[in-house]
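**Q** sequence and predicted structure are below.
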Amino acid sequence: MIDERKGLPSASSMERYQLCPGSYAAEQGQPDDTSEDAESGNRIHAVLAGETVTPTLTDDEERTMEACRSQAQALLDAIIPHRDELILERRYWRANQWSGKPDVVAIDGIFAEGLVIDYKTGRGEVASAEGNMQLRALAVLVSMEHRLDKVTVAIVQPLAGSASVCVYKADDLRKARIEISDILTAI
């Protein structure tokens with residue numbers, strides 16, 4: 001399996017890095033122990049990105065995927081109705097030092113605004129969008145890549161209820177860049 005992260009820090013682990021900077025070094029060289037639930041989530045994410053998966057989704061996975069798609073479309077229509085770009089499952093890099101892969105990015109270039117959506121397909125608790133370090137890191141990556149002044153981030157987790165949303169304005173994005181930089185320096 002190819003490591004698209006190239007062994008470098010990723011937004012998906014940013015909260016863990018913040019809580020335990022040594023965890024990055026400790027994970028190096030460790031095997032990937034992907035759970036059955038994670039494999040199910042990977043298949044759902046792949047279908048949402050337009051890929052064909054084998055085996056096909058189970059009925060339960062299909063329902064979760066459709067609920068994700070429906071909630072994401074509602075967010076897109078409400079937050080970035082006039083989008084110039086819609087990007088699915090693209091890995092963003094910052095200075096070839098760290099990366100993140102949002103599930104959905106929508107860009108409104110006229111207003112320099114973006115929307116980042118992260119699907120969570122499990123039933124477990126996830127930090128709300130407001131306190132989610134993965135989404136904060138993704139907001140930084142997307143804002144820098146597309147030169148945005150405002151990025152709204154959202155968690156779509158249909159098995160746990162409605163979507164969770166947080167808005168990062170220019171000053172918030174600046175503070176988030178500093179916070180992420182401090183975390184990366186610590187690891």
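**A** Noted; the coordinates are in hand.
**Q** state the helix or strand in which L135 lies.
**A** According to DSSP states H and E, L135 maps onto helix 133-146.
**Q** what residues does that helix touch?
**A** 11-15, 18, 85, 92-94, 98-100, 102, 105, 107, 109, 114, 116, 118, 127, 129, 148-149, 151, 153-155, 166, 168, 173, 176-177, 179-180 (Cβ atoms under 8 Å, 6 or more residues apart in numbering). Quick note: C-beta positions are derived from backbone N, CA and C, even for glycine.
**Q** one more time with 6 Å, if that's ok
**A** With Cβ atoms under 6 Å, 6 or more residues apart in numbering as the test, helix 133-146 has contacts from 11-12, 14-15, 18, 92, 94, 100, 102, 105, 107, 114, 116, 129, 151, 153, 168, 173, 176-177, 180.
**Q** now intersect those with the strands, please.
**A** Within the contacts of helix 133-146, residues falling in strands by DSSP state E are 92, 94, 100, 105, 107, 114, 116, 151, 153, 168.
**Q** for my notes, confirm I155 occurs in a strand.
**A** Yes. Counting by DSSP: H, G, I helix; E, B strand; the rest coil, I155 is located in a strand.
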